[in-house]
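> let's see this in three dimensions:
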Amino acid sequence: MLKIENLHVEVDGNEIVKGLDLEVGQGEIHAIMGPNGSGKSTLANVLMGHPRYDVTGGSVIFEDEDVMELEADERAKMGLFLAFQYPSEVPGVSVANFLRTAVNSVREEELSPMEMYKLLQEKMAVMRMDPKFAERYLNEGFSGGEKKRNEILQMLMLEPTLAILDETDSGLDIDALQVVARGVNEMRGPEFSAVLITHYQRILRYIEPDRVHVMLDGRLVTSGGKELAEDLEEKGYDWVRQEFGAGAQS
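Model (predicted):
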């Protein structure tokens, strides 16, 4: 579903991603773990088409199409989705209106108001959200946990084929973490893949990854099964630096 080859990315003249390779198969969930400053969020934003980031080399193939020349909305229509690490507040735009616009923009045929209402109620029930939540302005005054739940609600509504979740677990208490994981697992199946970007192993207790990668200094330096995340939890990232260095991959 996703193939990244030798990706190089700069921000304001500084190279952040330095020759990254990654393949995600259909129906697979991959976790990318790494310390602050390793390039994880840069990768997420590049995949979604953020204009601030300058791709200086490499390719990103999504469902057999090179997406590097596509705008963010075109990527979304193809089935790409990004859950932000820091979701923006949009005063004056309700959650319901935002979702109606977003959902209809990626569908070939718009949903009727009744169909949209039923879909929203169904997905909010999955996320254990009060229906009144839909009347609030998007992320305005939301707690950190509410913002992250709302990101996963958007994913459930949009039904992407590939979701990139940028530290969706950060700042969540255990109850909110379980609800967020429930939303991701609700999507799991042969038509859905995901890349989970995280510092910690704890979300992987609830969303079992098919593959775990470690990112250091703009590269994926090692990969393995879910036991790799357990090793990181026990030994820390210094172990990876000592074991593999910043340029190796196995």
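> what sits closest to Leu228 if chain neighbours are left out?
Here the nearest residue to Leu228 in space, its sequence neighbours aside, is Val212; by Cβ to Cβ, 6 or more residues apart in numbering that works out to 4.4 Å. Glycine gets a C-beta too; all of them are placed from N, C-alpha and C.
> so who does the one you found touch?
Shown here is Val212, whose contacts under the criterion Cβ atoms under 8 Å, 6 or more residues apart in numbering are His30, Ala31, Met33, Leu204, Ser223, Gly224, Gly225, Lys226, Leu228, Ala229.
> so it lies in a strand, does it not?
Yes - secondary structure of Val212 (DSSP: H, G, I helix; E, B strand; the rest coil): part of a strand.
> can you give me the distance of it to Met33?
To Met33, Val212 is 6 Å away according to Cβ to Cβ, to the nearest Å.
> for these two, list the residues in contact with both.
Shared contacts of Val212 and Met33, defined by Cβ under 8 Å, 6+ apart, comprise Ala229.
> follow-up on the earlier one: in the contacts of Val212, find the pair that's most separated.
Maximum pairwise distance among the contacts of Val212 (Cβ to Cβ): 14.1 Å, between Leu204 and Ser223.
> who has more neighbours out of those two?
Regarding Leu204 and Ser223, a neighbour count based on other Cβ atoms under 10 Å identifies Leu204 as having more, with 22 against 16.
> what stretches of this protein score poorly on pLDDT?
In the prediction, the chain carries residues with pLDDT under 70 at positions 245-250.
> can you pull out the strands in it?
Remark: strands of the chain, listed N- to C-terminal, are 2-11, 14-24, 29-33, 54-62, 65-66, 80-83, 90-94, 137-138, 162-166, 193-198, 211-216, 219-224; assignment by DSSP state E.
> other residues contacting the fifth one?
What it means is strand 65-66. The list of residues contacting strand 65-66 from outside it, by Cβ under 8 Å, 6+ apart, reads Ser59, Val60, Met78.
> repeat the analysis, applying 10 Å as the threshold.
Under the criterion Cβ atoms under 10 Å, 6 or more residues apart in numbering, residues Lys3, Ser59, Val60, Arg75, Met78 lie in contact with strand 65-66.
> neighbouring strands - and their directions - for it?
In the sheet containing strand 65-66, its partner strands are strand 54-62 (antiparallel), by DSSP bridges.
> check which residues of the strand it pairs with are buried.
Neighbour counts using 16 or more other Cβ atoms under 10 Å place Gly58, Val60, Phe62 of strand 54-62 among the buried residues.
> measure the last one to Val103 for me?
So the one you mean is Phe62. The gap separating Phe62 from Val103 is 20 Å, by Cβ to Cβ.
> can you check the first one too?
Distance, Gly58 to Val103, by Cβ to Cβ: 32 Å.
> gap between Ser143 and Leu165?
Per Cβ to Cβ, Ser143 is found 18 Å from Leu165.
> of those two, who's got more company?
A count of neighbours by other Cβ under 10 Å puts Leu165 above the other of Ser143 and Leu165, at 28 against 12.
> enumerate every residue touching the closest residue to that one other than its chain neighbours.
Take Leu165 and drop its neighbours on the chain: the residue closest to it by Cβ to Cβ, 6+ apart is Ala83, 4.6 Å away. Listed by Cβ under 10 Å, 6+ apart, the contact set of Ala83 reads 44, 147-148, 150-152, 154-155, 163-168, 180, 183-184, 194, 196-197.
> quick one: contacts for the residue in the chain sticking out farthest from the centre?
Distance from the centre of the chain peaks at Met114, with 29.3 Å (Cα atoms, centre = their mean). For Met114, the contact set (Cβ under 10 Å, 6+ apart) is empty.
> so Val126 makes contact with Leu156?
Yes - judged on Cβ atoms under 10 Å, Val126 makes contact with Leu156 at a distance of 6.3 Å.
> what do the two both touch?
Counting by Cβ under 10 Å, 6+ apart, the residues touching both Val126 and Leu156 are Gly183, Glu186, Met187.
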